[in-house]
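Undergrad: Below are the sequence and a predicted model for it; my questions follow.
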Amino acid sequence: MGNALLAVENLRAGHCGGDIIKGADFSVSEGAVSTIVGPNGAGKSTLIKSLVGLLAPRDGTITLAGKDVARLNAPSKARAGLGYVPQEHNVFRNMSIGENMTLAYEFIGSGSKGLPTARDRVFAIFPDLAHREADLAGNLSGGQRQMLAFGCALMPDPNLLLLDEPSAGLSPKYVAEMFEAVKAVNQAGVSILMTEQNVKEAMVISETAIVLVAGTVRAQMPAEDFVNHPDIHALYMGTSDAGAKESG
């Protein structure tokens, strides 16, 4: 793993006057895939939304490539190098593949000068989408729509891509395709930070696990250590080792 691309310190965020994220501290290494794991209600989606600019932090710093971006809005964070794929409603189904990609590129206000280059870069990562620009996004399979969502987020050429539960709602076949897409994006030079319900599969492609509990980062460790830690394994990966030990 390389140097820290993203550094988060004492981040606090929430809704209606209450903090859901309560002083989170963690980092994401350049070139890495990092996964935020934790129980339901831990604040994973709130954390992602506060990082990407959809929810204004109440306190703390978010440093991306050496620049504090905590107070920037979502378009400004996109221009600073932060990409985002939400859990739901991540493509416009009544628009074509090409129209979705163009809209994503224009979101950061770059005009159309670099559009062909950006489009070709995305098609190189996701060849299944190439030569299908006129196809409606609503006619794509679940896995293909997720690829398109990734592709749209990559149009501005981000340094870091944030994914909120990218496998949510996908069948097992498309879950496998989704993880292959994450690997392809990372191998193209984009760092990844994601939340993910399929923890076992996520750890296979992750370098780092970030454990979030009750709005606080309790641990950050190599994915291999996370997988082999008996207590964490029981809590987050669906095993019963801990319960077996207690009953014995």
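TA: Done, it's in.

Undergrad: And stretch 123-133, what's buried?
TA: Residues F123, I125, F126, L129, R132 are the ones in stretch 123-133 that count as buried (16 or more other CB atoms under 10 Å). For the C-beta atoms, the positions are set from N, CA and C on the backbone; glycine is no exception.

Undergrad: Cross-check the contact I'm expecting between the last one and I97.
TA: Yes. Using CB atoms under 8 Å as the test, R132 is close enough to I97 to be in contact (5.6 Å).

Undergrad: before we move on, back to that, from the buried residues of stretch 123-133, which is closest to A65?
TA: Nearest to A65, judged by CB to CB, of the buried residues of stretch 123-133 is I125 at 21.2 Å.

Undergrad: Find the centremost residue of this protein, please.
TA: Nearest residue to the geometric centre of the chain (CA atoms, centre = their mean): L163, 1.9 Å.

Undergrad: In the sheet, which strands lie alongside whatever helix or strand that residue lives in, parallel or antiparallel?
TA: Following DSSP states H and E, one finds L163 within strand 160-164. Strand pairing for strand 160-164, determined by DSSP bridges: strand 82-85 (parallel), strand 191-195 (parallel).

Undergrad: Alpha carbons of the longest one, as CSV, please.
TA: Right, the one you point to is strand 191-195. The C-alpha coordinates for strand 191-195 follow below in CSV (Å, rounded to 0.1, in the frame of the first residue of the first chain):
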residue,chain,number,x,y,z
SER,A,191,-8.3,3.9,-5.0
ILE,A,192,-11.6,2.5,-3.5
LEU,A,193,-13.4,3.1,-0.2
MET,A,194,-16.7,1.1,0.1
THR,A,195,-19.3,-0.1,2.5
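
Undergrad: Measure how far that strand is from the centre of its chain, please.
TA: On the basis of CA atoms, centre = their mean, to the nearest Å, strand 191-195 sits 4 Å off its chain's mean C-alpha point.

Undergrad: Next: stretch 49-58.
TA: With CA atoms, centre = their mean as the basis, stretch 49-58 stands 14 Å off its chain's centre.

Undergrad: what's the straight distance from one end of it to the other?
TA: By CA to CA, to the nearest Å, the extent of stretch 49-58 from end to end equals 13 Å.

Undergrad: Same question for stretch 179-195.
TA: Stretch 179-195 has an end-to-end distance of 13 Å (criterion: CA to CA).

Undergrad: how about that stretch: buried residues?
TA: Those would be F179, A181, V182, A184, V185, N186, V190, S191, I192, L193, M194, T195, for stretch 179-195 by 16+ other CB under 10 Å.

Undergrad: can you tell me which two in the residues you listed are farthest apart?
TA: Among the buried residues of stretch 179-195, A184 and T195 lie farthest apart (CB to CB), at 19.4 Å.

Undergrad: What's the mean pLDDT across stretch 193-207?
TA: Averaged across stretch 193-207, the pLDDT comes to 93.

Undergrad: For that stretch, list every residue counted as buried.
TA: Of all the residues in stretch 193-207, those buried under the rule 16+ other CB under 10 Å are 193-199, 201-203, 205-207.

Undergrad: Among those, which ones are in strands?
TA: Using DSSP state E, L193, M194, T195 are the members of the buried residues of stretch 193-207 that sit in strands.

Undergrad: Now for the last one: which residues touch it?
TA: T195 sits next to T35, I36, V37, K44, S45, L47, I48, L163, D164, E165 when contact means CB atoms under 8 Å, 6 or more residues apart in numbering.

Undergrad: what's downstream of the strand or helix carrying the second one, the next helix or strand?
TA: Going back to what we said before, that points to I36. In the assignment (DSSP H and E), I36 maps to strand 33-37. Per DSSP H and E, the first helix or strand lying C-terminal to strand 33-37 is helix 44-52.

Undergrad: can you pull out the strands in this protein?
TA: 4-15, 18-29, 33-37, 59-64, 67-68, 82-85, 160-164, 191-195, 208-213, 216-222.
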